[in-house]
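Student: sequence plus predicted model, see below.
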Amino acid sequence: MSTIAAFYGGKSILITGATGFLGKVLMEKLFRTSPDLKVIYILVRPKAGQTLQQRVFQILDSKLFEKVKEVCPNVHEKIRAIYADLNQNDFAISKEDMQELLSCTNIIFHCAATVRFDDTLRHAVQLNVTATRQLLLMASQMPKLEAFIHISTAYSNCNLKHIDEVIYPCPVEPKKIIDSLEWLDDAIIDEITPKLIRDWPNIYTYTKALGEMVVQQESRNLNIAIIRPSIVGATWQEPFPGWVDNINGPNGIIIATGKGFLRAIKATPMAVADVIPVDTVVNLMLAVGWYTAVHRPKSTLVYHITSGNMNPCNWHKMVQVLATFEKIPFERPFRRPNANFTSNSFTSQYWNAVSHRAPAIIYDCYLRLTGRKPRMTKLMNRLLRTVSMLEYFINRSWEWSTYNTEMLMSELSPEDQRVFNFDVRQLNWLEYIENYVLGVKKYLLKEDMAGIPKAKQRLKRLRNIHYLFNTALFLIAWRLLIARSQMARNVWFFIVSFCYKFLSYFRASSTLKV
Ligand SMILES: CCCCCCCCCCCCCCCCCC(=O)SCCNC(=O)CCNC(=O)[C@H](O)C(C)(C)COP(=O)(O)OP(=O)(O)OC[C@H]1O[C@@H](n2cnc3c(N)ncnc32)[C@H](O)[C@@H]1OP(=O)(O)O
Ligand SMILES: NC(=O)C1=CN([C@@H]2O[C@H](COP(=O)(O)OP(=O)(O)OC[C@H]3O[C@@H](n4cnc5c(N)ncnc54)[C@H](OP(=O)(O)O)[C@@H]3O)[C@@H](O)[C@H]2O)C=CC1
């Protein structure tokens, strides 16, 4: 029997961000491996016209939870959705709910965050910093609390090249920032934001760093651990390979490439693509929860869950996705999937003009001519903006030390190492990437596998159109050149007479043989 799975039996667990990508996989694994847990409290807000209960039902009815329903048939009774908005004071939790949370919670997994790179500083600080402080304050009033696990990101210190498993101080104290945001108006905040975030690439990574500082400063006597995953990708093994459900990180790029919108990207091919499967992150989270509660380390331990130092894959290898698109094409692609990597800014601008903007403009002209509303240029601009925000991460490599993560691995029994496996050395990248693309097609785009032959036919047609278009373009350009340049004319006559002579010789020699 797994010690970790047994540890969660009978426990009351509080999860923030349970409706997010990581949160759902965390809940799934908890229910599947510890079906005898007492309750999982999740802090949820109503969204997109759905009530809390509707949101919970939608999650439990998804394919992700199919195995859970077999192992834990009364899973609906074990989830307690609590109305909460982390943007508000006391999270807007009712008195009764708060009382129950304070008196019953044994373990907290704090996953909620805004992960948008372009959020406003005010909102990102509220969610990634102030809400963390508020949750720690709540945690300090929980008599039964055994561990508080805070999810940060491996990029919270991406302004450094080598990152250790320690909490680095930020230049400005989080408290000062929280206080000043209370009275500064939005225009001034926008003006000072670049000065505050300095060499961090965006508000997200900066506020995650502030969040870690808050954890350190407000830890009181709590048993706390911080987990820093790198780029969280689709599931590797559990509950099945390739599960994804949002367009963040590589997912949106995979869709844009597979649908033929994105044909070139400014990336350093040899830079490490530090993707880490979401189930691996969740396994570490559960192992850390157990270790922190049982072994009670004297200080707050930070755990890196990254792939680069143990089983590196670079962006060049990630282009394997292209080969996968041949086997498993996405439906209705705009162009044939192809991607050029360039680390040169000038070449990148060139590709943007030729491979992205020009086809979008041509397509919009076609839409206009056929009486439809043009939309491709707008979509392309949005895509290029997104790609430009991700460029920072695909043109650099970082080194993350993993002493604590390795130490934890060695503390686990062989059974726990199997059930809560976070050893990425066993991961086969090519297989993972193929399953990832398949997962994006099935679970994110919700495309039917039966449509693959049709999609392949369309790819063939697009390839023929591509060749035809290029040939026509070449002939037009050549015709124009011949009309204007004597030298081009000479070259043309030379080529034609050479071909003619070659053909005559070939014909003559074959007649002789007969
Ligand atoms: C060639 C080979 C390629 C190989 C692969 C290469 C991969 C490279 C990837 C590199 C990734 C690097 C990531 C680094 C991450 C750092 C680690 C972290 O902690 S970071 C943690 C991770 N954080 C990040 O990765 C955040 C990065 N992303 C962002 O910050 C923002 O998306 C943005 C600012 C980039 C764009 O903002 P904006 O332009 O406002 O766009 P929106 O966001 O609002 O959405 C656009 C559209 O999509 C719709 N839609 C949404 N969801 C779904 C869905 N589930 N289903 C379907 N659709 C969905 C949505 O409805 C909207 O459509 P519409 O309503 O207009 O019709
Ligand atoms: N995905 C990645 O690549 C990486 C993620 N991380 C970290 O992992 C954690 C989880 O990320 P991930 O699952 O990908 O993110 P998601 O965006 O998928 O999920 C974010 C979660 O936070 C919740 N949330 C946001 N705002 C509020 C609010 N005001 N009140 C209540 N809940 C709120 C969301 O709820 P709702 O559904 O209502 O919006 C959602 O459940 C984050 O801390 C992130 O920093 C770290 C490294 C990489």
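Tutor: Noted; the coordinates are in hand. Ligands and ions are numbered 1, 2, ... in the order given.
Student: can you give me the helices in the stretch 51-200 of the chain?
Tutor: All helices of the stretch 51-200 of the chain, identified by DSSP state H, counting those that start in this stretch, fall at 52-60, 66-71, 75-78, 95-104, 121-125, 131-139, 174-183, 186-197.
Student: please state the offset of the shortest one from the chain centre?
Tutor: When C-alpha coordinates are averaged (CA atoms, centre = their mean, to the nearest Å), helix 75-78 and its chain have centres 29 Å apart.
Student: burial of Ser219, as a residue count?
Tutor: Neighbour count of Ser219, defined by other CB atoms under 10 Å: 17. For glycine as for every other residue, the C-beta is placed from the backbone atoms N, C-alpha and C.
Student: next one: Val491
Tutor: With neighbours defined by other CB under 10 Å, the count for Val491 comes to 14.
Student: for it, phi and psi?
Tutor: Phi and psi for Val491, reported as degrees, to the nearest 10, are phi -60, psi -40.
Student: that older thread, ligand 1 is nearest to which of the helices of the stretch 51-200 of the chain?
Tutor: helix 121-125 (10.8 Å; CB to the nearest ligand atom).
Student: what are the buried residues along the closest one?
Tutor: Within helix 121-125, the residues that count as buried by 16 or more other CB atoms under 10 Å are Leu121, Arg122, Ala124, Val125.
Student: is that helix positioned near ligand 2?
Tutor: No - shown here: helix 121-125 not in contact with ligand 2 (CB under 6 Å from any ligand atom), separated by at least 8.8 Å.
Student: where do the strands sit along the protein?
Tutor: Using DSSP state E, the strands found in the chain span residues 12-16, 39-44, 79-83, 107-110, 147-151, 162-163, 224-229, 231-233, 264-266, 275-277, 301-305, 340-342, 399-400.
Student: can you list the strands that the last one pairs with?
Tutor: For strand 399-400, the paired strands and their directions (DSSP bridges) read strand 162-163 (parallel).
Student: quick one: contacts for the residue lying closest to Leu412 once chain neighbours are set aside?
Tutor: Of all residues not flanking Leu412 in the chain, Ala287 sits nearest, at 6.4 Å (CB to CB, 6 or more residues apart in numbering). The neighbours of Ala287, taking CB atoms under 8 Å, 6 or more residues apart in numbering as the test, are Ile4, Leu408, Leu412, Asp416, Phe420, Phe422.
Student: could you find the closest non-adjacent residue to the fifth one?
Tutor: Meaning Phe420. Counting by CB to CB, 6+ apart, the residue nearest Phe420 is Asn283, at 4.2 Å.
Student: touching, Leu210 and Asn128? I think so.
Tutor: Yes - with contact defined as CB atoms under 8 Å, Leu210 counts as touching Asn128 (7.0 Å).
Student: so for those two, which sits in the more crowded spot?
Tutor: Asn128 (30 against 26).
Student: for the residue lying closest to that one once chain neighbours are set aside, report the pLDDT, please.
Tutor: In this structure, Asn128 finds its nearest non-sequential neighbour in Thr207, 3.9 Å apart by CB to CB, 6+ apart. Note for Thr207: predicted pLDDT of 98.
Student: now do the one 5 residues further on
Tutor: With respect to pLDDT, Glu212 has a value of 98.
Student: give me every residue that touches it.
Tutor: If you count contacts by CB under 8 Å, 6+ apart, then Glu212 has His150, Ser152, Ser156, Ile167, Tyr168, Ile226, Val302 around it.
Student: so which two of the residues you listed are the farthest from each other?
Tutor: Maximum pairwise distance among those (CB to CB): 15.0 Å, between His150 and Tyr168.
Student: more neighbours: which of the two?
Tutor: Neighbour count, other CB under 10 Å: between His150 and Tyr168, His150 has more, with 24 against 15.
Student: who's in contact with whatever residue of the stretch 351-500 of the chain ends up closest to ligand 2?
Tutor: Here the residue of the stretch 351-500 of the chain nearest ligand 2 is Phe393; by CB to the nearest ligand atom that distance is 10.1 Å. Phe393 sits next to Tyr155, Cys158, Pro201, Ile231 when contact means CB under 8 Å, 6+ apart.
Student: if I look at Glu173, how far off is ligand 1?
Tutor: Distance, Glu173 to ligand 1, by CB to the nearest ligand atom, to the nearest Å: 23 Å.
Student: scratch that, Val424 is what I was asking about
Tutor: 16 Å.
Student: can you pull the contacts of that residue?
Tutor: Counting by CB under 8 Å, 6+ apart, Val424 touches Ile276, Pro277, Thr280, Ser307, Met310, Asn311.
Student: most neighbours among the residues you listed, which one?
Tutor: Pro277 (28 neighbours).
Student: Throw the contacts of Phe393 into TSV and include neighbour count, pLDDT and distance to Tyr403, thanks.
Tutor: Output for the contacts of Phe393, formatted as TSV (neighbours: other CB atoms under 10 Å; pLDDT from 0 to 100; distance: CB to CB, whole Å):
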residue	neighbour count	pLDDT	distance to Tyr403
Tyr155	24	98	19
Cys158	21	97	20
Pro201	18	96	26
Ile231	19	97	21
